[in-house]
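Chemist: Give me the fold of what follows.
(one chain, ligands or ions: 2)
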Amino acid sequence: MSLLSILDLRVVFSANGWKVHALDSVSFDLEEGGRLALVGETGCGKSVIGLAIPGLLPTTARVSGRILWKGRDLLQLQQKDLVRCRGRSIGLMPQNSAQSLNPLVRIGRQIEEVFRVHFPWLHGKGKGMVHGLLDRWGFDDPPLASRRYSHQLSGGMRQRVLLAICEAMEPELVIADEPTKGLDPLLRADAVENMEAMVVRPGRAMLLITHDLPVAGMLADQIAVMYAGQIVEQGRAADVLGKPVHPYTAGIAASLPEQGLHSIPGVAPSMITLPAGCRFRDRCSRSDEDCSYPPPLVSAGEDHLVRCFHPLG
Ligand SMILES: Nc1ncnc2c1ncn2[C@@H]1O[C@H](COP(=O)(O)OP(=O)(O)OP(=O)(O)O)[C@@H](O)[C@H]1O
Ligand SMILES: [Mg+2]
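Modeler: Numbers count the residues shown, from 1 in each chain. Ligands and ions are numbered 1, 2, ... in the order given. Sure, this is the predicted structure:
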C-alpha cells in the first residue's frame, strides 16, 4: 500500500465572486522511500497540493477527491485527528518563511517547542538539540541564532530554520515547499544533503515542491510537471529531465541557464477562465485542432505519463 495516494484532487477557491480552479484531476502515489518533486511555473498549483495534504487550505477552498494517508482519507478526518497527523506523520515546510515563523518568539524557543510537543521524554535536553540542529543547518553561532527573532534573520536563514523545525518533527512524510529558495549555491548544496539525510531512514518519503529543476533532479526519484492546475507529465526523474515528452517540460528544461535560457513565449491561462481544450495550447508550437479537446493523462512509456495529443519523441 502507498504511504500517500492522491486521487482526482480538485480545489476551487471562491474569491470576490470569482472561482479560481487551482487544481484539476491531480492524482499520484508516493511509496515508502519515494521522493516526488512537483515542478512548474508560478501559480500552477504546487503549493495548493502541499497545503491540501495536511488540511491547511483556507476555508474559501472547496476540495474534492481523495487524499489517502496509509489508506485513510485525510479529507474525511475530524479536525482533531488531522492535527494529530500533522507533525510526526506529515511535516510541512511551508513556502513563505517570513510568515511561517512566530515573530514574537525567539527562534530557539520555536524549535524547542517542537521537541516539547513531540518528544516530551527529551525534557531538559531541548536546548542542546536545538543548537545541534542549527549547526547542521549552517548557522555559525547556534546559541546566538537561537536568541534571534525571525525579523532579525535573512530570508535564507529563515528558510533553514523552517527546515530545522521540519527535521525536528521527524515526520514520515516531509513536504518541503521551495526549500532551497534564496540560498546561495554552497548553502543550497548543504540543504540538499541534509534533506536527503532526513528521508533516507526507513519508512520516510518526501514531496518536494520547487522551481529549481536541478534540485528536483538531485533529490527526487520521480518528477511531476504541473501546468495550470494539472499534472502534464510524470515519470522517473532521469526520464522527465533527460527525455521530456510534453512540449511544456521540454520548454522549461530549455529555459535553464545552462541550456541558454530559452523561455517559453506567452503566459499560462488565467485559473478563473481556463480554455476548454489543452491548457498549454496557446503557447505550444505543436498544437493543432486536436488540442481544442482536453488531453487525458496517458502512458508515454514505462512509468511515464503525459497529457498531450502530440508528445515529443
Ligand atoms: N487562498 C487563495 N485564494 C484564491 N486563490 C488562491 C489561493 N491560494 C492560491 N490561489 C490560486 O491558486 C493557484 C495556484 O496557486 P499556488 O500557490 O499553488 O501556485 P504555485 O505553483 O505554488 O506558485 P509559486 O511557484 O509562485 O509558489 C493560483 O492561481 C493562485 O492564485
Ligand atoms: Mg508555491
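Chemist: can you tell me the average pLDDT over stretch 195-215?
Modeler: Mean pLDDT, stretch 195-215: 89.
Chemist: near ligand 2, anything from that stretch?
Modeler: No. Stretch 195-215 does not reach ligand 2 (Cβ under 5 Å from the ion); its nearest approach is 6.4 Å. Every C-beta, even on glycine, is put in place using the N, C-alpha and C of the backbone.
Chemist: Please identify the buried residues of stretch 184-198?
Modeler: 187-188, 190-192, 194-195, 198 (16 or more other Cβ atoms under 10 Å).
Chemist: List the contacts of it.
Modeler: 136-138, 156, 159-160, 163, 166-167, 174, 176, 179-180, 183, 204, 206, 208, 215, 218-219 (Cβ atoms under 8 Å, 6 or more residues apart in numbering).
Chemist: Just the ones of the residues you listed in strands?
Modeler: Counting by DSSP state E, these place 174, 176, 206, 208 in strands.
Chemist: Surely the last one is in contact with L38?
Modeler: Yes. Using Cβ atoms under 8 Å, L208 is in contact with L38, at 7.2 Å.
Chemist: neighbour-wise, which of the two wins?
Modeler: Each of L208 and L38 has its neighbours counted (other Cβ atoms under 10 Å); L208 has more, 30 against 27.
Chemist: could the buried residues of stretch 184-198 go into CSV alongside distance to ligand 1 and secondary structure?
Modeler: Formatted as CSV, these follow (distance: Cβ to the nearest ligand atom, whole Å; DSSP: H, G, I helix; E, B strand; the rest coil):
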residue, distance to ligand 1, secondary structure
L187, 20, helix
R188, 17, helix
D190, 23, helix
A191, 18, helix
V192, 19, helix
N194, 22, helix
M195, 18, helix
M198, 21, helix
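Chemist: which of those lies closest to T249?
Modeler: Lowest distance from T249 to those (Cβ to Cβ) belongs to V192, with 21.6 Å.
Chemist: Quick check: closest non-adjacent residue to the residue of the stretch 201-313 of the chain found nearest ligand 1.
Modeler: Residue of the stretch 201-313 of the chain nearest ligand 1, by Cβ to the nearest ligand atom: M271 (4.0 Å). Leaving aside its chain neighbours, M271 sits nearest to V20 (4.9 Å; criterion: Cβ to Cβ, 6 or more residues apart in numbering).
Chemist: The helix or strand encompassing the one you found pairs with which strands?
Modeler: In this structure, V20 is located in strand 18-30 according to DSSP states H and E. Using DSSP bridges, the strands paired with strand 18-30 in its sheet are strand 4-15 (antiparallel).
Chemist: coming back round to it: for the residue of the stretch 201-313 of the chain closest to ligand 1, give me its contacts.
Modeler: 20-22, 43, 228-229.
Chemist: By neighbour count, which of these wins?
Modeler: Most neighbours among those, by other Cβ under 10 Å: G229, with 26 neighbours.
Chemist: which ones are touching that one?
Modeler: Counting by Cβ under 8 Å, 6+ apart, G229 touches 21-24, 26, 44-45, 271, 274, 279.
Chemist: And the residue most central in space within the chain, how far from E31?
Modeler: Geometric centre of the chain, nearest residue: I209, 2.6 Å, by Cα atoms, centre = their mean. With distances taken as Cβ to Cβ, to the nearest Å, I209 is found 18 Å from E31.
Chemist: Could you report the neighbour count for the residue nearest to L104 when sequence neighbours are not counted?
Modeler: In this structure, L104 finds its nearest non-sequential neighbour in Y149, 7.5 Å apart by Cβ to Cβ, 6+ apart. The tally of other residues near Y149 (other Cβ under 10 Å) stands at 14.
Chemist: wait, isn't Y149 in contact with P103?
Modeler: Yes. With contact defined as Cβ under 8 Å, Y149 and P103 form a contacting pair (6.4 Å).
Chemist: mind listing what the residue in the stretch 51-200 of the chain positioned nearest to ligand 1 touches?
Modeler: For the stretch 51-200 of the chain, the residue closest to ligand 1 is P58, as judged by Cβ to the nearest ligand atom, at 4.9 Å. Applying Cβ under 8 Å, 6+ apart to P58 gives the contacts F13.
Chemist: hmm, try it at 6 Å
Modeler: Residues near P58 by Cβ atoms under 6 Å, 6 or more residues apart in numbering: none.
Chemist: Right, I'll call it a day here.
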